[in-house]
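In: Model the structure of this input:
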Amino acid sequence: MSAGRPFLACACFFSDNIFVGRYGLHVRYRDEGQLRRDHGRALRERGCRGEEDFRTALREVRAASPIEAEVQRRKQLIHQSVERKAIISKCYKRKHPEVYILQDSFLAPDFLEIVSYCTSLDAHLHGLLRYIESFSDKRIYRLPVFTEEFCQAFVDELENFEQSDMPKGRPNTMNNYGVLLNELGMDETFITPLREKYLQPITALLYPDLGGACLDSHKAFVVKYSLHEDLDLSSHYDNAEVTLNVSLGKDFTEGNLYFGDFSQEPTPVPKYIEIEHVGAQGLLHRGGQIHGALPIASGERWNLIIWMRSSAIRNQLCPMCNKKPELVEAEGFGDGFTETLDDDVPETVNLCSLW
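Out: Numbers count the residues shown, from 1 in each chain. Okay, here's the model as predicted:
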């Protein structure tokens, strides 16, 4: 879909989506009046009741607001990631080098059977649904992905990296503990073939309207939850068309995922469903599905997250600012946008919608 063009980001990354941790809300901030107009209701619904509460939230927003220093900080994140990846590639000693290259033996036999069905000539959605578990009407699906043996070796490798003196970046703005897999060197040899060869035949049937047949980039990371680190995750939606969330282990209690409305189709009283983690199995859901994670009660939980993106879809509308993307240069897969030529937009979009 990108036809060899470089991947780009939307400029809204440098000005929007400031996370107010006190109320678990991402906001856009220009000035106090704009914050009240655009986010006042959502803040009140999350417990920001009076003027004193609002002033406290305003101070938190201003402390992280996109003034020049914050803009520069965010721009530096890209360069810092490149530097970390180079240091890790040169200096980190891998404990399980075999887990860096995807092999069929890492994948659950039932998952391989699902992929085989999806690549057959007579594959269709209703046939696929016989192989996987579906939750309510929210288009959330559970399926086996990895073997337990692979998950154990992968987590052991992640813990080895965590305990090393290598530089480490945060997985995203909401998680403090985990690993960016592109920095660890797993994009080209593991995540990309997993997305292209195995996941895309499945998402093509489940999410044709979201570019499921033409997911041409991703962001992959592992998040970690424990009693003395990140306990839970506030409600949010992902910068992705389709997300895969795989439970890798270890031993833990509670910490279920919950899902609400689709971000573009909110309802006055959203209905939430709660879904338990199952080891070595994954949940596929729309990136725009509002979701979060409840606190764990004991132990330690690791999850692999893959945000899968379709440039043919997001080139039309940035999912984070809900505007035509203002494209800026980026490293690697960026945020999955590409420079779109006027004469090939209809063809590209139709390709995905007709798959």
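In: ok, and the closest non-adjacent residue to Arg36?
Out: Phe54 (7.6 Å; C-beta to C-beta, 6 or more residues apart in numbering). Any C-beta I mention is one placed from the backbone N, CA and C, and that applies to glycine too.
In: can you confirm the one you found is in a strand?
Out: No. Assessed with DSSP: H, G, I helix; E, B strand; the rest coil, Phe54 is helix; it does not lie in a strand.
In: Can you pull the poorly scored residue ranges out of this structure?
Out: Within the chain, the stretches with pLDDT under 70 are 1-4, 15, 17, 19, 21, 64-74, 173, 264-269, 341-355.
In: can you give me the helices for it?
Out: Here the chain has its helices, by DSSP state H, at 32-45, 51-63, 68-91, 109-118, 125-128, 148-163, 181-184, 192-193, 200-206, 311-314, 345-354.
In: Tell me who's in contact with the residue nearest to the spatial centre of the chain.
Out: When C-alpha atoms, centre = their mean is applied to the chain, the residue found nearest the centroid is Trp307 (3.6 Å). Trp307 makes contacts with His218, Lys219, Ala220, Asp238, Asn239, Ala240, Thr243, Gly287, as judged by C-beta atoms under 8 Å, 6 or more residues apart in numbering.
In: Spit out the contact partners of the closest residue to Leu284 other than its chain neighbours.
Out: Take Leu284 and drop its neighbours on the chain: the residue closest to it by C-beta to C-beta, 6+ apart is Tyr141, 4.7 Å away. By C-beta under 8 Å, 6+ apart, the contact set of Tyr141 is Ile132, Glu133, Ser134, Phe135, Leu206, Leu283, Leu284, His285.
In: repeat for Phe190
Out: Val99, Tyr100, Ile101, Leu102, Leu181.
In: Roughly how far does the third one sit from Ile191?
Out: Okay, so that is Ile101. For Ile101, the distance to Ile191 equals 11 Å [C-beta to C-beta, to the nearest Å].
In: quick one: which of the two has more around it?
Out: Between Ile101 and Ile191, counted using other C-beta atoms under 10 Å, Ile191 has the larger neighbour count: 22 against 12.
In: looking at it, that one is touching Ala220, isn't it?
Out: Yes. The pair Ile191 / Ala220 is scored as a contact, 4.5 Å apart, by C-beta atoms under 8 Å.
In: Could you name every residue contacting both of these two?
Out: By the contact definition C-beta under 8 Å, 6+ apart, Ile191 and Ala220 are jointly contacted by Leu181, Asn182, Ile306.
In: which residue packs closest to the second one, ignoring adjacent ones?
Out: What sits nearest to Asn182 in space, not counting adjacent residues and going by C-beta to C-beta, 6+ apart, is Gly332, at 6.1 Å.
In: want to try JSON lines for the shared contacts of Ile191 and Ala220, with distance to Gly299 as columns?
Out: Formatted as JSON lines, the shared contacts of Ile191 and Ala220 follow (distance: C-beta to C-beta, whole Å):
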{"residue": "Leu181", "distance to Gly299": "23"}
{"residue": "Asn182", "distance to Gly299": "28"}
{"residue": "Ile306", "distance to Gly299": "23"}
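In: ok, those residues vs Leu25, which is closest?
Out: Minimum distance to Leu25 across the shared contacts of Ile191 and Ala220 is 24.8 Å, recorded for Ile306 (C-beta to C-beta).
In: tell me the contacts of that closest one?
Out: Residues in contact with Ile306 (C-beta under 8 Å, 6+ apart) are Ile191, Leu194, Arg195, Leu199, His218, Lys219, Ala220, Thr243, Leu244.
In: ok, those vs Tyr177, which is closest?
Out: Among the contacts of Ile306, Ala220 lies closest to Tyr177 (C-beta to C-beta), at 16.0 Å.
In: My read is that Ser134 contacts His126, right?
Out: No. Shown here, Ser134 and His126 do not form a contact pair, counting by C-beta under 8 Å, at 11.0 Å.
In: if you count what's nearby, which of these two comes out ahead?
Out: Ser134 (13 against 7).
In: show me the residues around that one that make contact.
Out: So Ser134 contacts Ile140, Tyr141 (C-beta under 8 Å, 6+ apart).
In: What's opposite it in the beta bridge?
Out: Ser134 has these beta-bridge partners by DSSP bridges: Tyr141.
In: do you know how far the residue nearest to Arg36 is from Arg44?
Out: Distance, Phe54 to Arg44, using C-beta to C-beta: 9 Å.
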